[in-house]
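Q: Task: produce atomic coordinates for the following.
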Amino acid sequence: MLLQGFPAELLFLIVAELSRKDLLQVAYLSKEFHRYAVIFIYRDVTLRKYRSAWHFCRTLTAMNPGLSTLVHYFSCMVEDYNADIADIDEELRGDEEGDPEEEILHDRVTFCKMFPICIGRMNSLRCFRYMPHHNLHVGLSAVVHAIANKSALRSLSIFVKYLEVEDNIGSLPDPDFPHIKSLAIDTGYLPAFNSSFSNWIETLLRTHAARILQLSLDGMSAGRPLENISSLPSLKYLSIYSNFLGTSLANKTPELRKLRVPYHYESPPTPLPHSTFQHLEEVEASEYVVSVSGLLKGRPIRSLELDGATFDDLDDVHSCRMPFRAPEFPLVCTTLQTLPESSVSVTRLAIYLQRVVVDDMTGLAPHLVGLEQLKICLMDHWHEKLLVDLGKNFLSQLPRLHTFLLSDAPRFDWIDDDSGRFGNAFKKDVQERILSVWDDGGYCSNLNRASFTALHAWNKVKGDWIAEPYPDNPQLYRNYEE
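A: Numbers count the residues shown, from 1 in each chain. The predicted model follows:
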């Protein structure tokens, strides 16, 4: 919606009426955002481009301070500031007269001043996410002060690594969020957690412990605020580094259902008594963490994702594209073999492999007889005979399996693990032949969904395999588990 010279007060009355009738549309601001757009009519705003973020903040800060915005969900996830600026420079070089509005985009100091003012105008904010992939030099203290009075806030996510963490933040306002349910703080690989901000997080957790349902404290130092918290009685989801995973934490989270444990080589886990995490149902962690901690023993785990990523350089994971290595398959085997034979508890398994070795996979079958969904994120290409043999020797031993997925999607956009599409990703005839052989041999009698690439999937409809249409963009990667 582009308006110029339209009375903002009159428009606000129109917007209020539309809001009352629930006629407002969600806005997804992933491309150009013009400075005349009236942004306070949008309930959901996601900024992925620096230019969009600049014009959004400029427009909102120019509003009459008395006009409350209707934004409920705000997410700033600028992916590549340097690339955005390069595009702007290229456009300016082609414009002989130049555009002062575009040239001023280089002034990040002004942007950093506008950003907290912009957030301060969002009086109805329920979800705030500041998770950019590159530093925009917005101050941590300014962000905390801007969200301090958002009494309607239910979800808060901050990527601290890409905020300017001042040496002396000083006092921060009390985190009074009576409706907060979800908190995510990511410090990346920062070795130290600012003490003022750590105390602020600790106060937030202590004050609202009974309401927190989801908590992510990712980073080498991010888990420290938990050390002085006595209990999080309602917590259902937790993501935390392995060096903070221990008996004390388990005793503080009696109702935990889902656990994610990013592993770092400097934060080894410790074994957990079988009496801890008795309600745990979903685990996402590396093979090493799961094996050492003993998470699969004596717990009703039904979903397991073995995410064993290793990188060649951990000094600055976002500074360049780094080589990614899939976990060693023997460690995957060792971890899964801790499940008792004939166990039917684990119904979903996702693993990352360099290549599929049918004999090795077949040896795991007795531990996975209850499996209903299998997802393999594969780095090497597959060939037809390999998958025919996999169905005959391995999948045939999983009587409950109804979903089998192979993924060629890169794990991270900043990791050099994108070797391109599988060689047979576009060959529907090859994929259909594999499914036909599986059906004719009776190897996968309950299978009704399969995929051999993250490009599209096959669904079984009335006994026939029907391929989903290919997307217009051949580089698209889908989460086809949904």
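
Q: Give the full set of residues in contact with residue 118.
A: Residue 118 is in contact with 56-57, 60-61, counting by C-beta atoms under 8 Å, 6 or more residues apart in numbering. Using the backbone N, CA and C atoms, a C-beta is placed for each residue, glycine as well.

Q: OK, contacts around residue 388?
A: Neighbours of residue 388 in contact, by C-beta under 8 Å, 6+ apart: 434, 437-438.

Q: Buried ones from these, can you make that a ChimeraX selection?
A: Buried subset of the contacts of residue 388, written as a ChimeraX selection, criterion 16 or more other C-beta atoms under 10 Å:
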select :434,437,438
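
Q: Next step: the contacts of residue 388 restricted to strands.
A: With DSSP state E as the criterion, strands contain none of those.

Q: Kindly reformat the contacts of residue 388 as TSV and extend each row with distance to residue 245 and pLDDT.
A: Listed next are the contacts of residue 388 as TSV, based on distance: C-beta to C-beta, whole Å; pLDDT from 0 to 100:
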residue	distance to residue 245	pLDDT
434	40	97
437	44	97
438	40	97
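
Q: ok, of the contacts of residue 388, which one's closest to residue 274?
A: residue 438 (38.6 Å; C-beta to C-beta).

Q: quick one, strands of the stretch 251-400 of the chain?
A: Secondary structure of the stretch 251-400 of the chain by DSSP state E, counting those that start in this stretch: the strands cover 258-261, 282-285, 303-306, 310-311, 322-325, 348-353, 373-378.

Q: Tell me which of those sits nearest to residue 385.
A: strand 373-378 (15.7 Å).

Q: Name the strands paired with the closest one and say parallel or antiparallel.
A: Sheet pairing for strand 373-378, assigned by DSSP bridges, gives strand 348-353 (parallel), strand 403-407 (parallel).

Q: so which of those is the most packed in?
A: strand 403-407 (a mean of 22; mean count of other C-beta atoms under 10 Å).

Q: Now do the same for that strand: mean pLDDT, whole number.
A: Per-region confidence: strand 403-407 scores 94 on mean pLDDT.

Q: which residues touch that strand?
A: 372-378, 382, 395, 422, 444, 447-454, 457, 477, 480-481.

Q: Identify each buried residue in stretch 148-155, please.
A: Buried, per 16+ other C-beta under 10 Å, within stretch 148-155: 148, 150, 153-155.

Q: Settle this for me: residue 382 is touching residue 357, isn't it.
A: No: using C-beta atoms under 8 Å, residue 382 makes no contact with residue 357, being 11.7 Å away.

Q: Show me which of the two is the more surrounded one.
A: residue 382 (22 against 14; other C-beta atoms under 10 Å).

Q: Identify the residues contacting that one.
A: Contacts of residue 382 by C-beta under 8 Å, 6+ apart are 356, 406, 422-424, 452.

Q: Output the below-cut-off pLDDT ranges for the stretch 51-200 of the chain.
A: Within the stretch 51-200 of the chain, the stretches with pLDDT under 70 are 63-69, 79-107, 133-135, 162, 164-168, 189-193.

Q: Hmm, residue 242 and residue 249 touching each other?
A: No: Residue 249 is beyond contact range of residue 242, at 10.9 Å (criterion: C-beta under 8 Å).

Q: and residue 464, how many neighbours does it have?
A: Residue 464 has 10 nearby residues by other C-beta under 10 Å.

Q: ditto for residue 139
A: Quick note: residue 139 (other C-beta under 10 Å) scores 18 neighbours.

Q: which residues does it bridge with?
A: residue 164.

Q: before we move on, what about residue 467?
A: residue 458.

Q: right, and it touches residue 428 too?
A: Yes: the criterion here is C-beta under 8 Å, and residue 467 meets it with residue 428 at 5.7 Å.

Q: hey, where'd the helices end up in the stretch 251-400 of the chain?
A: 287-293, 329-336, 358-362, 384-393 (DSSP state H, counting those that start in this stretch).

Q: Residue 138 is nearest to which of the ones you listed?
A: Comparing those by C-beta to C-beta, helix 287-293 comes nearest, at 33.1 Å.

Q: Off-centre distance for the closest one?
A: 22 Å (C-alpha atoms, centre = their mean, to the nearest Å).

Q: neighbouring contacts of that helix?
A: 242, 245, 261, 263, 268-272, 283, 285, 295-296, 304, 306, 308, 327, 331-332, 334-335, 338.

Q: residues touching the closest residue to residue 253 other than its chain neighbours, list them.
A: In this structure, residue 253 finds its nearest non-sequential neighbour in residue 235, 4.9 Å apart by C-beta to C-beta, 6 or more residues apart in numbering. By C-beta under 8 Å, 6+ apart, residue 235 lies in contact with 212-215, 253, 255-256.

Q: What ranges does the stretch 101-250 of the chain have for its strands?
A: According to DSSP E, counting those that start in this stretch, the strands that the stretch 101-250 of the chain contains are 127-130, 155-159, 182-188, 214-219, 237-240.

Q: would you list the ones you listed in JSON lines and tack on distance to residue 204?
A: Converted to JSON lines, these look like this (distance: least, C-beta to C-beta, whole Å):
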{"stretch": "strand 127-130", "distance to residue 204": "13"}
{"stretch": "strand 155-159", "distance to residue 204": "8"}
{"stretch": "strand 182-188", "distance to residue 204": "7"}
{"stretch": "strand 214-219", "distance to residue 204": "10"}
{"stretch": "strand 237-240", "distance to residue 204": "15"}
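
Q: so which of those gets nearest residue 277?
A: The nearest among the strands of the stretch 101-250 of the chain, by C-beta to C-beta, is strand 237-240 at 9.7 Å.

Q: re the thing from before, just among the contacts of residue 235, which is most surrounded?
A: residue 253 (25 neighbours).

Q: Which ones among the contacts of residue 388 map onto helices?
A: Counting by DSSP state H, these place 434, 437-438 in helices.

Q: I'd like the distance between residue 208 and residue 333.
A: Residue 208 sits at a distance of 43 Å from residue 333 (criterion: C-beta to C-beta, to the nearest Å).

Q: Neighbour count for these two, which is higher?
A: residue 208 (19 against 16).

Q: who touches that one in this structure?
A: Counted by C-beta under 8 Å, 6+ apart, residue 208 has contacts 175, 177-178, 180.
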